[in-house]
Each structure stands twice: as structure tokens, then as C-alpha cells.
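Undergrad: Sequence first, then the predicted structure:
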Amino acid sequence: MKPILFGLLLAGMLSIVSGSQAELRQDPVLADILQQAGMEGCLIVMEVHRERTGVSNELRCQERSVPASTFKIVNALIAFETGVVRGDERFPWNKTRYPLEAWEKDLTLQEAMAVSSVPVFQEVARRIGQQRMADWVTRLRYGNAQTGDQVDRFWLEGPLSISPLEQVRFMARLARGQLPVAERSLMALRRLMPQEEVEQGHLFGKTGWATAAKPMIGWYVGWVEEKGGPLVTFAVNVTMNSLEQAPLRKSLAMAALRHVWMLDH
């Protein structure tokens, strides 16, 4: 067996182990956090170093839905692997009017990620191309790995779908460098992703809003690299009735993370 092929095979085996061994447990406090906020959905936190995963509702946390803008993480990673985006490139605005004014200007990929520009990442997907995109999504074992026949719509309207549980497992493999991609691509993605300092460490996260879903779904997924080394991944997947509820995605995640940190200290 060729060394490269063996390395990819080994990485896949390691990722399966790291994702499947984490103990899944129902956590009533996570369910209460959702209830207190008046929201329905899933809160899930995986303590990767402890191989322990807390869920608010086990069934909901295993339901798949379209990833919406959380797929920008994967889209960017594949773009770096295939070399379709230059590091300093600016994507020109085509003068189309969009739902968000922040999309109506020339944007770098990092700026596009920060404002979650759908048009920029649709252009990135078109550059990657249908077949390469399908191959990479399958190779990364992302959700149901179905990309359909519209390379710039499949993560917004389907057929691609992923569950919150699959999201936290994917984030664990990503954060631990267990995906079959080059180290330079992982480092470029880390620089690109929205991030902030939180009480326990450094948070990398991406929101999403599945407007094509009925009812609409709000996402927030990512991981926290805690001071001292421990890794925690998280996913929020909630029913959203209006844009006014959008800030709850992050506040719910932070409440869930604080709960887990209190248990450990």
C-alpha cells in the first residue's frame, strides 16, 4: 500500500474512533436552558478529552437538517485543498442587491466568512466544481454526503443534511487535525474562521440559518480550545421563527458551555 493512501486510511480510522467512543448522555440542564429561552431544538456539547457528550434531547440531536452557512467551514477547507482561492483575493460585488448590505461590496474570503456572504461562497463552490465537491464531501464524511446536481445550492436547500451529533463529531476531527487534508489547509481555515476569547479558552464558531427548511432552523457550531489543552465541541440547532431570534444561537451555546465547565470545576 502506498504511504499516502495508508496515511489517509489511518486518519479515517482514527476519526471514526474519536467520534464514536464519546459517551452520549441526556442532560436535563441543557434541556432546561432551551426551555428557559422559549426555544425548541438541540443543544449538544462534546467533551472530546473526556469522551463524553451531553445532549438536551437525544432524538432531536440525531435529526439531520440542511447545514446552511455552517457548511462554509467545509466549503473553505475544500477551496484551500483544491487551490481555487488565492489568499489575498477579493471577490468583486456584481452590484446585485442582497438581503444583507454587508454582502454588497468587494470581499476577501475572510471578510465573506465574517459576514456569512452566501454569494461569495457560492462562487467558491462553482470554482471547486460539481464532481470535486462531491468527492471531497464524501471523503470528509460530512453528514449524508449528498451534494445533488446544484453545486451552489445543495447546502442551503438540500440534499445535503447533517445532524447536530454529526456536527460535533466533525468539529472534533477538524480541531484535532484528523481530517484527510493538508496541515496548511487546516491552518488557513483556522485563520479564516470567526473566533473569540471566552472564559475558558479560544472559541472557533460559525452560525447558520436554514431559511429553506420548514420550520426554519438556526445553527451555531464550533469548538473551544480550553486553556491547558482540553477540547470541547458544540452544536446548537433550534427552530427559528424570525431573524430577531438569531442572537439566541450564540447565547444558548455559551450557556451550554458554561454548564459543562461548571461540572468540571
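TA: Thanks, I have the structure now.
Undergrad: what mean pLDDT does stretch 107-118 have?
TA: When pLDDT is averaged along stretch 107-118, the result is 97.
Undergrad: need the contact list for the one residue sitting closest to the centre of the chain.
TA: Residue closest to the average C-alpha location in the chain (Cα atoms, centre = their mean): Thr70, at 4.3 Å. Each residue near Thr70 by Cβ atoms under 8 Å, 6 or more residues apart in numbering is listed here: 167, 206-208, 219-221. Quick note: C-beta positions are derived from backbone N, CA and C, even for glycine.
Undergrad: One more pass at 7 Å, please.
TA: Neighbouring residues of Thr70 by Cβ atoms under 7 Å, 6 or more residues apart in numbering: 206, 208, 219, 221.
Undergrad: Was I right to think Pro230 contacts His49?
TA: Yes: with contact defined as Cβ atoms under 7 Å, Pro230 counts as touching His49 (4.4 Å).
Undergrad: Please say which of these two ends up with more neighbours.
TA: Pro230 (16 against 13; other Cβ atoms under 10 Å).
Undergrad: hey, which helix or strand in this protein has the poorest pLDDT?
TA: Here the helix or strand of the chain ranked lowest by mean pLDDT, DSSP states H and E is helix 3-20, holding a mean of 40.
Undergrad: For the helix or strand following that one, which outside residues touch it?
TA: Sequence-wise, the next helix or strand downstream of helix 3-20 (DSSP states H and E) is strand 23-26. Strand 23-26 is touched from outside by 51-55, 58, with contacts defined as Cβ under 7 Å, 6+ apart.
Undergrad: Can you flag which of the residues you listed belong to helices?
TA: The helices, defined by DSSP state H, take in Glu58 from those.
Undergrad: Check the contacts of strand 23-26 for burial and list the buried ones.
TA: Buried by 16 or more other Cβ atoms under 10 Å: 52-55, out of the contacts of strand 23-26.
Undergrad: just so I have it, where are all the helices in the chain?
TA: Counting by DSSP H, the chain has helices at residues 3-20, 28-37, 58-61, 72-82, 109-114, 118-128, 130-139, 154-157, 164-175, 183-192, 248-263.
Undergrad: Kindly reformat the contacts of strand 23-26 as CSV and extend each row with pLDDT.
TA: Shown next, in CSV, are the contacts of strand 23-26 (pLDDT from 0 to 100):
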residue, pLDDT
Glu51, 89
Arg52, 91
Thr53, 96
Gly54, 96
Val55, 97
Glu58, 94
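Undergrad: and which of the contacts of strand 23-26 is nearest Ala145?
TA: Thr53 (21.8 Å; Cβ to Cβ).
Undergrad: Who does that closest one form a beta bridge with?
TA: Here Thr53 sits in beta bridges with Leu24, Met46, going by DSSP bridges.
Undergrad: ok, now how distant is it from Leu203?
TA: 18 Å (Cβ to Cβ, to the nearest Å).
Undergrad: same question, Ser65
TA: Separation of Ser65 from Leu203 (Cβ to Cβ): 23 Å.
Undergrad: From the contacts of Thr70, which land in strands?
TA: 206, 208, 219, 221 (DSSP state E).
Undergrad: got JSON lines for the residues you listed, with distance to Glu111 too?
TA: Shown next, in JSON lines, are these (distance: Cβ to Cβ, whole Å):
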{"residue": "Lys206", "distance to Glu111": "14"}
{"residue": "Gly208", "distance to Glu111": "18"}
{"residue": "Trp219", "distance to Glu111": "21"}
{"residue": "Val221", "distance to Glu111": "21"}
